[in-house]
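predicted coordinates and the sequence they were generated for:
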Amino acid sequence: MPNDAQALARLGDVLQTAGQKDSAMSVYATIIAHADSMDALSLFNAGVSIYNGAPPFPDTVHVSADCRRERTGGRTGLTLTQRRGITAQCDSVARQAAKTRDEVAAQNYRLAAQAFEAGLAHNGQSRDGLFNLANAYLALRQPDKMLPVTQRLVAIDPMNRNSVRLVAQAWALKSRSDSALHYVTLADSLLPVDVTVTSFAPGEQSASLSGFIANYHGTPSAPLTLTFEFLDASDKVVATQTVDVPAIPADGNQRFETQAIGAGIIAWRYKKS
């Protein structure tokens with residue numbers, strides 16, 4: 001099975017760990033090249049592997065400090081001008097290390113975005129696919145692509161604080177501070193609760209979904225009802241289920257689960273009733 005997305009993604013991970021960056025990127029590119037014949041979940045999982053394969057941020061403080069120690073060579077009689085010159089040179093080395101990391105990581109983020117885009121072509125209502133694509137665009141600093149994706153995301157997952165914060169970040173990248181502040185305020189204080197779906201298991205004739213609802217405020221939340229819609233590949237609503245959420249004490253949380261009967265369910269969305 002030479003084009004199995006998950007096998008290729010794992011191979012890419014191994015090559016990344018072994019320091020064979022070019023070979024890993026070649027494997028990841030193979031995944032993208034065969035996206036039409038792969039299912040959405042495999043492409044989403046591959047995208048996560050590609051994204052997580054980006055190199056970590058360098059510790060620029062230590063890079064600069066190590067450079068200074070090397071260039072001073074233990075000498076104590078350096079003039080102020082010499083010390084300032086070494087500091088300037090080593091700060092430049094640290095900045096270059098960060099720039100190099102960003103250039104290498106951008107390769108991962110671009111390929112990851114392509115994998116998420118390809119997955120969404122198969123399942124455009126996938127909350128996780130949209131969430132991950134928005135983060136890839138954020139890492140690439142592409143607000144014009146990021147904003148519409150985040151708007152689709154909150155249409156599916158409107159009461160999740162992390163989803164709402166991504167909209168704020170997209171507006172911030174576009175230098176629209178008023179719009180960014182609106183969504184920051186919504187996430188930090190205006191949402192009645194924070195809804196997190198932790199498990200979604202679609203089957204041939206049914207689907208199950210579960211998660212938890214957290215009250216992040218200092219006072220008890222009011223009871224509410226969430227209406228979940230379960231969708232097929234054509235975005236048609238196959239089934240609808242309601243979840244009654246009781247009052248939740250301050251800083252408390254409440255688990256929930258629901259099931260739907262229907263063929264071809266591949267995605268979900270919800271709204272406050």
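Perfect, thanks for sending it. Numbering: from 1, shown residues only.

distance of I265 from Q205?
Remark: distance between I265 and Q205 (Cβ to Cβ, to the nearest Å) = 9 Å. Placement of C-beta: from N, CA and C, glycine included.

now do the shared contacts for the two.
Where contact means Cβ atoms under 8 Å, 6 or more residues apart in numbering, no residue is in contact with each of I265 and Q205.

mind giving me the domain ranges of the chain?
Annotated domains of the chain cover 1-122, 124-191, 195-272 [automatic domain parsing].

ranking those domains by burial, who's on top?
Comparing the domains of the chain by mean neighbour count (mean count of other Cβ atoms under 10 Å), domain 124-191 comes out on top with a mean of 19.

helix or strand: which one has the residue lying farthest from the centre of the chain?
Ranking residues of the chain by C-alpha distance from their mean position (Cα atoms, centre = their mean) puts G77 at the top, at 50.7 Å. In the assignment (DSSP states H and E), G77 maps to no helix and no strand.

quick one, phi psi at it?
phi -100, psi 20 (degrees, to the nearest 10).

ok, now how distant is it from Q151?
On the measure of Cβ to Cβ, G77 and Q151 end up 62 Å apart.

try N108
Look at N108 and Q151: by Cβ to Cβ, they are 25 Å apart.

over to A121?
Distance of A121 to Q151, computed by Cβ to Cβ: 18 Å.

quick check: closest non-adjacent residue to I86.
What sits nearest to I86 in space, not counting adjacent residues and going by Cβ to Cβ, 6 or more residues apart in numbering, is R71, at 4.9 Å.

next one: A105
Sequence neighbours aside, A54 is the residue nearest to A105 in space, at 3.8 Å (criterion: Cβ to Cβ, 6+ apart).

can you read off the pLDDT for that neighbour?
What the model reports as pLDDT for A54 is 89.

that one is in contact with N108, isn't it?
Yes: A54 is within contact range of N108, at 4.0 Å (criterion: Cβ atoms under 8 Å).

re the thing from before, weakest of the domains of the chain in terms of mean pLDDT?
Note on those: lowest mean pLDDT is at domain 1-122, with a mean of 90.

and the longest helix along the chain, how far out from the chain's middle?
Scanning the chain for the helix with the most residues, using DSSP state H, yields helix 80-122. Mean C-alpha position of helix 80-122 versus that of the full chain (Cα atoms, centre = their mean, to the nearest Å) differs by 19 Å.

and for stretch 52-64?
Stretch 52-64 has its C-alpha centroid displaced from the chain centroid by 20 Å (Cα atoms, centre = their mean).

could you pull out the strands for the stretch 151-273 of the chain?
Applying DSSP state E, counting those that start in this stretch to the stretch 151-273 of the chain gives strands spanning 194-202, 206-214, 224-231, 237-245, 253-261, 267-272.

leaving out the residues flanking it, which one is nearest to the residue positioned nearest the centre of the chain?
Residue closest to the average C-alpha location in the chain (Cα atoms, centre = their mean): N132, at 3.6 Å. Distance criterion Cβ to Cβ, 6+ apart; nearest residue to N132, sequence neighbours excluded, is F116 at 5.2 Å.

how close does that neighbour sit to R10?
Remark: distance between F116 and R10 (Cβ to Cβ) = 18 Å.

please apply the same query to F44.
To R10, F44 is 15 Å away according to Cβ to Cβ.

ok, now G77?
56 Å.

give the contact list for E204.
A263.

may I have the phi/psi pair for it?
Torsion angles, degrees, to the nearest 10, at E204: phi -70, psi -40.

then R75?
Taking degrees, to the nearest 10 as the convention, R75 sits at phi -70, psi 140.

wait, what's in contact with it?
For R75, the contact set (Cβ under 8 Å, 6+ apart) is empty.

hmm, P55 is touching D102, no?
No: shown here, P55 and D102 do not form a contact pair, counting by Cβ under 8 Å, at 9.4 Å.

now the spatially closest residue to V93 that is not a sequence neighbour: how far from Q142?
Among residues not flanking V93 along the chain, C67 sits closest, at 4.9 Å (Cβ to Cβ, 6+ apart). C67 sits at a distance of 33 Å from Q142 (criterion: Cβ to Cβ).

that concludes my questions; thank you for your assistance.
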